[in-house]
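# Give me a 3D structure for the following:
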Amino acid sequence: MDRGGRCRIKSIKSLEEEEEEESSGTLRGWLSVNFDLPLQGESANMSGSRLMRAIRVSEFGGPAVLKLCSDVPVPVPGPRQVLIHVRACGVNPVETYIRSGGHGRKPTLPYTPGTDVAGVVEAVGDGVTAVKAGDRVFTTATVSGGYAEFTVAAEDCVHWLPDALDFPQGSAIGIPYFTAYRALVHKARAKAGETVLIHGASGGVGVAACQLSRALGLRVLGTAGTPEGMKLALSNGAHLIFNHREEGYTDKIMVSSHKTKKKKIWNIEKLLDGFDVCPLQEATGGAGVDIIVEMLSNVNLSKDLQMMAFGGRVTVVGARGSIEINPRDTMAKESSIMGVALFCATQEEKKECAALLYAGMEAGWLRPIVGSHYPLEKAAQAHHDIIESPGAAGKIVLTI
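Numbers count the residues shown, from 1 in each chain. Reported below is the predicted structural model:
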C-alpha cells in the first residue's frame, strides 16, 4: 500500500483453459475457487483497465489485515466464467480462519476473501450459456473473491436468484444451504421421522439446517445462546430450542418429560405462553437423537456422543480447535462421526442440492435470514463479530 492509500498489486496471469478440476471434486480445484487460492493457470484475469474497490489481505493475522483498496483492477471473465457486479457478500467463519493463517491451506498473498455473493451479471466469458448480462444471480464459490465491487465465478458456481429474494438474502444461500444439505442428506442420510439436533441453530448454517430438516420431515431440536437466537430458530423450523449457555442443557434434551419456565426450553406452539408444557414427549424421551449437526465440535463433540440414539450420526460442520473424546462412547450405540466438506461433493450431488433449494424458494419454505449488515469498509468489524459476538442471529452480510 503506497502513501496515498492505494494498494499496489502485482500483475496476475490470465486464466488458462484447463480441465475443470473443481467439477471432478478434487481438493485442488475446490480450494482455488472457494478460498481464492491462486493455483498455477487458475487465477482470474485482472488485466482489465477499470478499477474497483475490494478488500485485500497482504499478510495473515487478525481482522485488521483486511484492507479496503480503491485501485484494484476489475477482473475479466475467462472461458466459462461470469463477471458479477456484487451487491452483497455473505461472511463465513472459515474466511476468518483462512485470514488468520490458521487454515490447512493458505492462499497466495495478496488475495480477496469471499465466496457467497449475490448481484447482477455484468459480462460472461466464452462458452457461458446458463446466464446472461443483467441476470440476478448468487454464487457458491468465486475465483477472484467476493469482498469486492466485482467478482468472477465459474459458470457452474453461478445460480439464478429468484425475484422474491433480495441480494442480501441471496448472499446467505451458498455455503450455508449447500453445507446443511450435504450434512443432512449426503452424510447423515436423514429419514423422515428421525430427530435431529442442530447446534448453533440461529446462525447461517443453523437456520438453513432448521428449514431443510422440516422440509425433510425431521423432528428438529436446536440450540442457541441468546433469547433472540432462540426465537429465530423456532420461527425457522425448530420444534424445541435449548439455551446452550445454560448449565445442564444436554440433560434436558434427554429427559422423558419436563415442565419448565419460559426461556429454558421453548416449544414453537407455546412460545407466547408463560409456561411451556411440551406435548412432544419432551425432547427425545430418553432415547437420544438420531442426527446431530455440529458447528463447534471442539466444544460439544464429547457430549454429543452421549446424546446419540442407537446408530446415531454426528456430522461435523465446524471446529475451532481439538477435543478429546472417549471412543467407547461410539461403541455402545454404534454411532458415527463424519466430517462434512463441500469439496467432496460431486457435480451430480450439487445439482441435486440446487434442485431442492430452488423448489424450496418456489414453495416459500427456504427463507434465508440475514442478521447484521456491514458496508464493505467494515469487513474487519464483520470478521470480529462473527467470531466474538455472544450469539448468532442470522447470516452476517457485507453490502456493496
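# Any idea which helix or strand in the protein has the lowest mean pLDDT?
strand 275-277 (a mean of 35; mean pLDDT, DSSP states H and E).
# Tell me the first helix or strand C-terminal of it.
Once the chain leaves strand 275-277, the next helix or strand it forms, by DSSP states H and E, is strand 289-294.
# List the contacts of residue 306.
When contacts are counted by C-beta atoms under 8 Å, 6 or more residues apart in numbering, residue 306 is found next to 250, 329. (Each C-beta comes from the backbone N, C-alpha and C, glycine too.)
# can you rerun that using 10 Å?
Contacts of residue 306 were listed using C-beta atoms under 10 Å, 6 or more residues apart in numbering, and they are 250, 254, 288, 326, 329, 332-333, 335.
# can you check residue 315 too?
179-180, 182-184, 186-188, 190, 196, 209, 291-294, 297, 336-340.
# Can you flag the buried ones in those residues?
Neighbour-count burial (16 or more other C-beta atoms under 10 Å) applied to the contacts of residue 315 gives 179-180, 182-184, 186-188, 190, 196, 209, 291-294, 297, 337, 340.
# Quickly note the distance from the nearest residue to residue 126 once chain neighbours are set aside to residue 338.
Counting by C-beta to C-beta, 6 or more residues apart in numbering, residue 126 lies nearest to residue 79, which is 4.6 Å off, once chain neighbours are set aside. Going from residue 79 to residue 338 by C-beta to C-beta, to the nearest Å gives 36 Å.
# those helices in the stretch 151-300 of the chain, which residues are they?
With DSSP state H, counting those that start in this stretch as the criterion, the stretch 151-300 of the chain has helices at 167-170, 174-181, 204-215, 227-235, 249-254, 297-306.
# what's the least confident stretch among those?
Within these, confidence is poorest for helix 249-254, with a mean of 77 (mean pLDDT).
# Dump the C-alpha coordinates for it into PDB.
Extracted in PDB, the C-alpha atoms of helix 249-254 (Å, rounded to 0.1, in the frame of the first residue of the first chain):
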ATOM      1  CA  TYR A 249     -29.000 -28.200  28.900                       C
ATOM      2  CA  THR A 250     -27.900 -31.500  27.400                       C
ATOM      3  CA  ASP A 251     -29.700 -33.300  30.300                       C
ATOM      4  CA  LYS A 252     -32.900 -31.600  29.300                       C
ATOM      5  CA  ILE A 253     -32.500 -32.900  25.800                       C
ATOM      6  CA  MET A 254     -32.500 -36.400  27.100                       C
END
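# What helices and strands are in contact with that helix?
strand 195-198, strand 219-224, strand 240-243, strand 265-267, helix 297-306 (3 or more C-beta pairs under 10 Å, 6 or more residues apart in numbering; DSSP states H and E).
# Mean neighbour count, the ones you listed: which tops it?
Among these, strand 195-198 has the highest mean neighbour count (mean count of other C-beta atoms under 10 Å), at a mean of 30.
# and it, what does it pack onto?
In terms of contacts (3+ C-beta pairs under 10 Å, 6+ apart), strand 195-198 is packed against helix 204-215, strand 219-224, strand 240-243, helix 249-254, strand 289-294, strand 308-316.
# Out of the ones you listed, flag the one nearest residue 98.
helix 204-215 (16.7 Å; C-beta to C-beta).
# The closest one packs against which elements?
helix 174-181, strand 195-198, strand 219-224, helix 227-235, strand 289-294, helix 347-363, strand 370-375, strand 395-399.
# just to revisit the earlier point, could you dump the helices and strands packed on helix 249-254 into a markdown table with distance to residue 390 added?
As requested, the helices and strands packed on helix 249-254 are exported to a markdown table (distance: least, C-beta to C-beta, whole Å):
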| stretch | distance to residue 390 |
| --- | --- |
| strand 195-198 | 19 |
| strand 219-224 | 11 |
| strand 240-243 | 12 |
| strand 265-267 | 18 |
| helix 297-306 | 15 |
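# Nearest the geometric middle of this protein, what residue?
residue 176 (3.0 Å; C-alpha atoms, centre = their mean).
# so residue 394 makes contact with residue 205?
No. Counting by C-beta atoms under 10 Å, residue 394 sits too far from residue 205 to count as a contact (11.3 Å).
# Please say which of these two ends up with more neighbours.
More crowded of residue 394 and residue 205, by other C-beta atoms under 10 Å: residue 205, with 27 against 22.
# Report the contact partners of the nearest residue to the more buried one once chain neighbours are set aside.
With sequence-adjacent residues excluded and distances taken as C-beta to C-beta, 6+ apart, residue 205 is closest to residue 176, at 4.6 Å. Contact partners of residue 176, counting by C-beta under 10 Å, 6+ apart, are 90, 92, 116, 203-209, 212, 317, 368-369, 395.
# Closest to residue 125 out of those residues?
residue 116 (21.0 Å).
# Tell me how far the closest one lies from residue 205.
11 Å.
# pLDDT weak spots in the stretch 251-400 of the chain?
Counting by pLDDT under 70, the stretch 251-400 of the chain shows low-confidence ranges at 255-286.
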